[in-house]
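S.K.: Structure for this input, please:
(2 chains)
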Number of protein chains: 2
Amino acid sequence: MNKPYTFDLIKPDFIPSRYDNHIIRRLSSMKGQYLDQQAYQKMLSHTDRVLYEVYELKRPEIVGELLHGISIVHPGKVGQEFFMTKGHFHTLLETAEVYNCLKGQGVMVMETPEGDWAVEELYPSRVLYVPPCWAHRSVNTSRTDDLVTFFVYPGNSGHDYGTIEQQGFRKLVIEESGQPVVIDNPRWQPTGGR
Amino acid sequence: MNKPYTFDLIKPDFIPSRYDNHIIRRLSSMKGQYLDQQAYQKMLSHTDRVLYEVYELKRPEIVGELLHGISIVHPGKVGQEFFMTKGHFHTLLETAEVYNCLKGQGVMVMETPEGDWAVEELYPSRVLYVPPCWAHRSVNTSRTDDLVTFFVYPGNSGHDYGTIEQQGFRKLVIEESGQPVVIDNPRWQPTGGR
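M.R.: Numbers count the residues shown, from 1 in each chain, chains lettered A, B, ... in the order given. As a prediction, this is how the structure comes out:
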């Protein structure tokens, strides 16, 4: 546990040569998150597709440690809305996260409990800094390629999925005339600074 | 300061498209660190060469933030010993660091205050986890290419260069018959658990 270790990000998918945990998120775990609920139900009635996967290296969940791994969001849409991660705040709100995009095309949708929001583009060789207190969700805007990012965040951050599941993100990313467009989420509900 | 931000790691050198601080370390700043002091003095009398450079993104140096940037160690040797960084413990000893190698060939030389040591290879697409309490030094073992790594560590880590300047690293990396070889540092002095 306390020895240095290495692993390789193996092309073309950048799946780590070693990992401790492989999370697979399917359509059924995203209930209520997509704008077009009819399209969601229809897609789900066909097959419970894998939307994204995370490969985690486990470390003690304490301050001073760094959790890290690979996130892979597959290409696709629910209605006009691109496949995306659940998104979350960190339970310990004042913790940051660094993303390094390795493959694909996408955006990170972010917001604070105070209602500020930001959308930043992701593409290979781009680094994104998510400052403390910003909820974040990866969105794959490519028609064909996986969106692959390497992430690092403090060991004591934790994940708060509940707030986003309840209130949604303020902004959504849909396809319009073949282009990704950021729109207001009509069902977004501010929870009043949590 | 508290908005998300992005930057690009621009090929072929991976210098960030934005940064707040550019550190340039020359031969003269590595007094007493290289095994062959005669070779060191001779090289220094010719020219004070740049051994390595660091491009830092600045963030508040507090827990929850993540400091990050690019380290570039140039190729070369002092005597038979490869160009390397000063190396350091973190001032707050129990903080980790994540390295992602982007270019070149090298090793990370590491040790704990208790005398454990480790040497791990670096090459493109390799990730290295330096756990809390391990001092670390990058060594470029290529004859021709820069060793480029992307690093992330906790905002409150700090840098303790003094301990290594005083005691040296336990292990050195030299070239023997054209190959990098790890040898004992004859001048290493344990400081007794700091």
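S.K.: From now on I want contacts and neighbour counts done on CA atoms only, so please keep to that.
M.R.: Will do.
S.K.: Identify the residues contacting the residue lying closest to A:D36 once chain neighbours are set aside.
M.R.: Excluding the flanking residues, the one nearest A:D36 by C-alpha to C-alpha, 6 or more residues apart in numbering or on different chains is A:G79, at 5.9 Å. Neighbour list for A:G79: A:36, A:39-40 [criterion: C-alpha atoms under 8 Å, 6 or more residues apart in numbering or on different chains].
S.K.: So for A:G79, what pLDDT did the model give?
M.R.: The per-residue pLDDT reported for A:G79 equals 97.
S.K.: Now do it against A:Q105, distance only.
M.R.: To A:Q105, A:G79 is 19 Å away according to C-alpha to C-alpha, to the nearest Å.
S.K.: same check, this time on A:L92
M.R.: On the measure of C-alpha to C-alpha, A:L92 and A:Q105 end up 29 Å apart.
S.K.: Mind checking the pLDDT average for stretch A:38-57?
M.R.: On average, stretch A:38-57 scores 97.
S.K.: Those residues of chain A touching chain B, which are they?
M.R.: Applying C-alpha under 8 Å from any C-alpha of the partner chain, we find that chain A lies next to chain B at A:2-10, A:63-66, A:94-98, A:118, A:120, A:125-132, A:152-154, A:157.
S.K.: could you pull out the helices for chain A?
M.R.: Using DSSP state H, the helices of chain A run over A:37-46, A:162-167.
S.K.: more crowded one of A:L92 and A:Q105?
M.R.: Legend: neighbour count by other C-alpha atoms under 10 Å in any protein chain shown for A:L92 and A:Q105, higher for A:Q105 (21 against 16).
S.K.: Run through the residues that contact that one.
M.R.: A:121-124, A:140-142, A:145-147.
S.K.: go again using 6 Å as the cut-off
M.R.: A:122-123, A:141-142, A:147 (C-alpha atoms under 6 Å, 6 or more residues apart in numbering or on different chains).
S.K.: next one: A:P154
M.R.: Contacts of A:P154 by C-alpha under 6 Å, 6+ apart are A:L66.
S.K.: Can you list the buried residues in the lowest-mean-pLDDT helix or strand in chain A?
M.R.: Sorting the helices and strands of chain A by mean pLDDT, DSSP states H and E puts helix A:162-167 at the bottom, at a mean of 91. The neighbour-count check on helix A:162-167 (16 or more other C-alpha atoms under 10 Å in any protein chain shown) flags A:163-165 as buried.
S.K.: could you measure A:Y161 against B:P75, distance?
M.R.: Using C-alpha to C-alpha, A:Y161 is found at 46 Å from B:P75.
S.K.: More neighbours: which of the two?
M.R.: The neighbour comparison of A:Y161 against B:P75 (other C-alpha under 10 Å) goes to B:P75, with 22 against 15.
S.K.: quick one: pLDDT of that one?
M.R.: 98.
S.K.: what bits of chain A have low per-residue confidence?
M.R.: Under the criterion pLDDT under 70, the flagged ranges of chain A are A:1, A:191-194.
S.K.: 80 instead, please
M.R.: Low-confidence segments of chain A, defined by pLDDT under 80, span residues A:1, A:190-194.
S.K.: just to revisit the earlier point, ok, of the residues of chain A next to chain B, which come out buried?
M.R.: Neighbour-count burial (16+ other C-alpha under 10 Å) applied to the residues of chain A next to chain B gives A:4, A:6-9, A:63-66, A:95-98, A:118, A:120, A:125-132, A:152-154, A:157.
S.K.: Tell me the bridge partners for A:E120.
M.R.: On the basis of DSSP bridges, A:E120 is bridged to A:M108.
S.K.: Please tell me how far it sits from B:L9.
M.R.: A:E120 is 16 Å from B:L9, by C-alpha to C-alpha.
S.K.: Likewise for A:K103?
M.R.: Taking C-alpha to C-alpha, one finds A:K103 at 14 Å from B:L9.
S.K.: just to revisit the earlier point, so for A:L27, which of the helices of chain A sits nearest?
M.R.: Proximity to A:L27, assessed across the helices of chain A by C-alpha to C-alpha, is greatest for helix A:37-46 (6.7 Å).
S.K.: can you pull the buried residues of the closest one?
M.R.: A:39-40, A:43.
S.K.: contact partners of that helix?
M.R.: Contacts of helix A:37-46 (C-alpha under 6 Å, 6+ apart): A:78-79.
S.K.: What of stretch A:171-181?
M.R.: So stretch A:171-181 is contacted by A:80-82, A:182-185 (C-alpha under 6 Å, 6+ apart).
S.K.: Of the residues you listed, which qualify as buried by neighbour count?
M.R.: By 16+ other C-alpha under 10 Å, the contacts of stretch A:171-181 give A:80-82 as buried.
S.K.: how about CSV for those, with distance to A:L51 added?
M.R.: Listed next are the buried ones among the contacts of stretch A:171-181 as CSV, based on distance: C-alpha to C-alpha, whole Å:
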residue, distance to A:L51
A:Q80, 15
A:E81, 12
A:F82, 10
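S.K.: Out of these, which is nearest to chain B?
M.R.: Nearest to chain B out of the buried ones among the contacts of stretch A:171-181 is A:F82 (C-alpha to the nearest C-alpha; 21.6 Å).
S.K.: Would you quantify the distance from that closest one to A:H68?
M.R.: 25 Å.
S.K.: ok, now A:F89?
M.R.: 16 Å.
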